[in-house]
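Engineer: need a 3D model of the sequence below.
(chains A, B and C)
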Amino acid sequence: MLKVSNVTAGYGRTVILQDVSIEVGRGEVVTIIGANGAGKTTLLRAISGLVKPTAGRITFDGVDIAGMAPADIVGRGLIQVPEARQLFPVMSVRDNVLMGAYHPAAREGAERRFAEVLELFPRIRERLDQLAGSLSGGEQQMVAIARGLMANPKLLMLDEPSLGLAPIIVQQMFGIVDRICEMGTTVLLVEQKAFHALKIAHRAYVIENGRIALENTGAGMLADPHIKTAYLGI
Amino acid sequence: MTVRVSLSEAPPAGRLAAFLAWLGNPRVYMALAALSLLLVVPIVIDSPFIVHVFVTICVFAGLSTAWNIVGGYAGQLSLGHMVFYGIGAYTTALLIQHYELMPWLGMWVGAALSVVLSVCIGYPCFRLRGPFFALATIAFLEVVRLLAIHFNGFTGGSAGLIVPLKLGWAWMIFQDKINYLYIAFGLLLATLAVSYAIRTSRLGYYLIAVREREDAASAAGISNTAAKLKAAMISAALTSLFGSFHAMYLTFLEPETMFSLSGSVSVAMFALIGGLGTVAGPLLGTVLVVPIAELARGWLGASANGLHGFVYGVVLVLITLTLPGGLVGTFGPRVTALIDRLPGRRAAPDREEPALRKIDGKPGEPVLETRDLVMKFGGLTATDHVSITLRRGEILGVIGPNGAGKTTVFNQMSGFLRPTSGTVVVYDAAGRPVMPTRPDEFARLGVGRTFQIVQPFGKLTVIENIMIGAFMRHASVEDARAAALRVARLVGLLHVKDVEARNLPIGDLKRLEVARTLATEPSILLLDEVMAGQNQADTQKMVELIRAIRDTGVTVIAIEHNMQAIMSLSDRIVVIDSGKVIAQGDPREVVRNRRVIEAYLGEDFVDAQGL
Amino acid sequence: MDVLVQLILNGIMLGAMYAIISVGLTLIFGIVRVVNFAHGEFLMVGMYAVYLLSHHFGLHPYVSAVPMVLMLFAIGALVQRFIIQPLLGADEHIQIFATVGLSTALINLALLIFGADLYSVQEPGLRKPLSIGGYTVLYAQVVIFVSALVLVAGLHLFMQKTPLGRAIRATAQNRNAAQLMGVRVDRIYVIAFGLGAACVGLASALISPLFPVTPTIGTYFVLTAFVVVVLGGMRSMYGAFLGAMIIGIVDSLSGYYIAPDLKEVVYFAIFILILIFKPTGLFGFGRGTE
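Structural biologist: Coordinates of the predicted model:
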């Protein structure tokens, strides 16, 4: 469904990603794990069209999307829930969630999805009229995911949904990610907290210094001692 | 401020020889030849109109050069600079009128007033961002103009003020206009000399550093406000002197033209067209644009009212869209390269390295302590009672998951954030505890830091970037360059020393971050993820480098995500999660700590791998 | 007492005029994050156009409000597309120079075409005083006041209730996230700049019956508008509206109680003090947008 082939990308003359190739099949949950600064976010930004790759191809449903405008990529159903939530802080929660269905391709059925999303996140329903900036970190992350779901994603990319959340909230967040995966959405999950991501992923990539260092099934990766070395240096 | 020209350092007997050698530099003799045209052309043509055009060129080139010191070097876009020109003009004229004080003296009174006003404007306004600083300067200009109109008993108000006509050199008013040109040209030469001296001195480098990145500048021990104020004061004084002279030339002052917004914009515009922040740019821009305006006025008369302004405006927009570096910024390097091919003496070779700062003190004694640091952003507690003691000669590793608050702690340890509560104590060279507040104070006490997100001065070369750090201990450019070369060699940047920093790959930028900090010769080094983005070979080199630095007596504290590297490097590890210190001690023990593993990999991981 | 009430009333009327101009400036700054130094010159261009339409075709200035809004929207959109957009990634001072250059070019173009003479739209009916409970205002001022209210209310509804309005707010608050929602931010900027300029188009038609147009009329108004915008927190149109009222009243009172030619000194002093001591504006709208 999504195929990233030999992509090199960066900012200005600073190269962050080098020759990265990954694949996500329909219905799969794929995770990319790696340390801070390894290039995970840049990879997602390149897929979403926010960074233009200097080399390589990105195809989605067989169409080359490298170099396409971000809005056109969104229109194809390739949706990113960005790192650190990035809500619109002085808009109401309702307007934030509705912004997810802004693209014309997502307007159809938006009302039905709005109801579904509120079902999935009862907490959001209680806070619809509050300003998004006034929510707690965990609630903000839920709004960010809800906003992503409103876009009617064929493939949902989640960038570190656990970032900066307290441990208990992290558990809840992974519960939500589990449910989204169970619903059959294709998911590309970027995480630093490797364990949980690996447990729910069909396949996993480890990214180190802008390159793909390892590729395995989620379970296989979990048993790989290299993971612990990469993270803890022992 | 110390502006030193290498010339002055030669022994008296060798001065003439040194001067001749200086003249022998093709850049010097070509510049002087080009400048002399401003004097030679009108003398040869000898028409009153041409003399007028050249006087105007000299005045505006001088104003623009003076503006460029604060607008270009320091990057503070003043659009109300004519306030100093007007003050110079009015002060001089009023002193003649009321006290019969010669303009040669009165102009210094005007300059002094302008300097005072520049501090009054600059001190509160330098904290404002670009467009708001520009607006504030416009507001000051308008206020002074309106006051000049209001107090008409004193200034003549809107009706204007006629300078008492006393002829002769003493009163700076002449029948033969060519005399004005001599004075204007002299003033211009002096202004260019000041501008050149600043650009090639420590202050010049400091101003560019402050313009490019205030944080990195203060980490290099620069007081941003002091640097900008110096620039503003010098610029205001020079602008005021031109105002005084121009008043004598025009002999009629009115608030509309003396405190003119469009005049202020023009002066800034000439500098942009020629090249902001370059020595020759403002002059070049003026020489290109002013004659067009004056010729249009001379030939087309009143029917062309507005034509020159229209052309100015269009040129300004086009320059921003096509040549944002201005003429000198765009074509300068090529022209300089051509000039350098001419016969003559070259620049002096690099000089010997100055002595390194010695670090005294006993290993193991505390050099820096944080006591119960708490940092709150709104409802979020980013730092939660963090107490860390750094001991002389150790390498302390700081680890923790993304977003744990490690960099926030660093920012408090180097003065970039003031803690909500708690204190940071630094022990100075004599072992006395000190509690500095500003980043530049921390830096001067020997606390050097790097930034996680690299902060290079993009438009400066690698060696100039390092010199910004070196200036903290070495005031002269030659010494700073020599010290910077030593650091470049140590860090492995010598092969790219003349490359502009913005063209470096990330690995080199990380090394440059370390180099600039090392050049301040710190006794405590705070490294924030300097290994991220480095390949394995470079990481290994960085580890060796940090060890070598420590062996010179420097105490190191490093945030790092590269676990292999930090584990092998550190004598001691502190683990931070959710703003708290959750573990500290020997590296081997810390990574076996269950809480640490949980913080990194999630709770279940501990069970899954049977740890 | 009567004098004071009359002065405050005058101030509110004046404030309404500043409000229309300032709301436009705020839209541009709040969304595109560019300070439009040529904003006043947009007003000047509009006023000359209103004058020409009135003088040559006998068009009532209020009728020309419609073409003015459209024309200024187009001018604003073009300026954004061809001057500002290429400079969005450039240094801030380059952006400042670009709009300052545009301002200089427009002032002098007007000087070249029309000279420094004053041109007035002849609609004496609109300058007739209207008595409200013993206090007087001009007909045209009442129209301006009502228009300012309608403008702010209309923009409020547009921003809150329409998908495009939501997209504009989203872009202002987080450009990156807006892109990820499929918002074409470059287009939003063009629209926002156009809307900001269109406000001045409206202002030009409403102000023409009261003020003669000169090449520098824009500078006169826009400096005040900058004061208003800073007072209002720079990014909030409600803040701008309130700020305009305050400056209008300050203008009116200080002109009477201090000296007519020092009223600008008073509000420039306020401006400088606010910039220095409370850069987020008086009302705490400064942090958000809209």
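Engineer: longest helix in the chain, please.
Structural biologist: The chain I'm using is chain A. Longest helix of chain A, by residue count under DSSP state H: helix A:167-182.
Engineer: chain C was what I was after
Structural biologist: Max-length helix for chain C by DSSP H is helix C:2-27.
Engineer: and that helix, which residues are buried?
Structural biologist: Judged by neighbour count (16 or more other Cβ atoms under 10 Å in any protein chain shown), helix C:2-27 contains these buried residues: C:6-27. For every residue, glycine as well, the C-beta is placed using N, CA and C.
Engineer: the stretch 151-290 of chain C: helices as residue ranges?
Structural biologist: Assigned by DSSP state H, counting those that start in this stretch, the helices in the stretch 151-290 of chain C fall at C:163-173, C:175-180, C:185-207, C:217-231, C:237-257, C:263-277.
Engineer: what does the last one contact?
Structural biologist: Residues lying outside helix C:263-277 but in contact with it, judged by Cβ atoms under 8 Å, 6 or more residues apart in numbering or on different chains, are B:124-125, B:127-128, B:132, B:135-136, B:139-140, B:142-143, B:146-147, B:150, C:223-224, C:226-227, C:230-231, C:247, C:250-251, C:254-255, C:258, C:281-282.
Engineer: I'd guessed residue B:517 sits against residue B:447; true?
Structural biologist: No - look at residue B:517 against residue B:447 with Cβ atoms under 8 Å: they stay out of range, at 9.8 Å.
Engineer: out of these two, which sits in the more crowded spot?
Structural biologist: More crowded of residue B:517 and residue B:447, by other Cβ atoms under 10 Å in any protein chain shown: residue B:447, with 29 against 26.
Engineer: may I have the beta-bridge partners of that one?
Structural biologist: Beta-bridge partners for residue B:447, by DSSP bridges, are residue B:524.
Engineer: could you do residue A:8 as well?
Structural biologist: Beta-bridge partners, per DSSP bridges, of residue A:8: residue A:55.
Engineer: mind checking pLDDT for residue 223?
Structural biologist: Since you didn't name a chain, this refers to chain A. Looking at residue A:223, its pLDDT reads 79.
Engineer: wrong one, I was asking about chain C
Structural biologist: 87.
Engineer: quick check: closest non-adjacent residue to it.
Structural biologist: residue B:142 (6.5 Å; Cβ to Cβ, 6 or more residues apart in numbering or on different chains).
Engineer: now do residue B:259
Structural biologist: residue B:145 is the one closest to residue B:259 (Cβ to Cβ, 6+ apart), at 3.7 Å.
Engineer: from the stretch 1-150 of chain C, which residue is nearest to chain A?
Structural biologist: Closest contact between the stretch 1-150 of chain C and chain A, by Cβ to the nearest Cβ, is at residue C:89 (10.4 Å).
Engineer: correct me, but residue B:94 touches residue B:155?
Structural biologist: Yes - in this structure, residue B:94 is within contact of residue B:155 by Cβ under 8 Å, at 7.4 Å.
Engineer: overlap in contacts of these two?
Structural biologist: residue B:161.
Engineer: surely residue A:172 touches residue A:138?
Structural biologist: Yes - at 6.5 Å, residue A:172 counts as touching residue A:138 under the criterion of Cβ under 8 Å.
Engineer: between the two, which has more neighbouring residues?
Structural biologist: Using other Cβ under 10 Å as the criterion, residue A:172 and residue A:138 rank with residue A:138 on top: 20 against 16.
Engineer: would you mind getting the angle between the helix or strand hosting the more buried one and helix A:167-182?
Structural biologist: Following DSSP states H and E, one finds residue A:138 within helix A:137-150. Angular relation of helix A:137-150 and helix A:167-182 on a 0 to 180 degree scale: 10 degrees, by axes from the mean of the first three to the mean of the last three Cα atoms, to 10 degrees.
Engineer: run through the residues that contact the residue lying closest to residue C:106 once chain neighbours are set aside.
Structural biologist: Distances taken as Cβ to Cβ, 6+ apart place residue C:41 nearest to residue C:106, at 3.9 Å, with adjacent residues excluded. Contact analysis of residue C:41 by Cβ under 8 Å, 6+ apart lists C:102-103, C:106-107, C:218-219, C:222.
Engineer: go through these and name the one nearest chain B.
Structural biologist: residue C:102 (5.7 Å).
Engineer: could I get the CA-only coordinates of the stretch of helix or strand that closest one belongs to as PDB?
Structural biologist: Using DSSP H and E, residue C:102 maps to helix C:92-114. Output of helix C:92-114 as PDB, limited to C-alpha atoms (Å, rounded to 0.1, in the frame of the first residue of the first chain):
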ATOM      1  CA  GLU C  92      12.500  39.200   8.600                       C
ATOM      2  CA  HIS C  93      14.200  42.400   7.600                       C
ATOM      3  CA  ILE C  94      13.800  41.500   3.900                       C
ATOM      4  CA  GLN C  95      10.100  41.100   4.400                       C
ATOM      5  CA  ILE C  96      10.000  44.500   6.200                       C
ATOM      6  CA  PHE C  97      11.900  46.100   3.300                       C
ATOM      7  CA  ALA C  98       9.600  44.600   0.800                       C
ATOM      8  CA  THR C  99       6.400  46.100   2.200                       C
ATOM      9  CA  VAL C 100       8.300  49.400   3.100                       C
ATOM     10  CA  GLY C 101       9.400  49.500  -0.600                       C
ATOM     11  CA  LEU C 102       5.800  48.900  -1.700                       C
ATOM     12  CA  SER C 103       4.700  51.700   0.500                       C
ATOM     13  CA  THR C 104       7.300  54.100  -0.800                       C
ATOM     14  CA  ALA C 105       6.500  53.200  -4.400                       C
ATOM     15  CA  LEU C 106       2.700  53.700  -3.900                       C
ATOM     16  CA  ILE C 107       3.000  57.100  -2.100                       C
ATOM     17  CA  ASN C 108       5.300  58.500  -4.800                       C
ATOM     18  CA  LEU C 109       3.200  57.000  -7.600                       C
ATOM     19  CA  ALA C 110       0.300  59.000  -6.200                       C
ATOM     20  CA  LEU C 111       2.400  62.100  -5.900                       C
ATOM     21  CA  LEU C 112       3.500  61.600  -9.500                       C
ATOM     22  CA  ILE C 113      -0.100  61.200 -10.800                       C
ATOM     23  CA  PHE C 114      -2.100  63.500  -8.500                       C
END
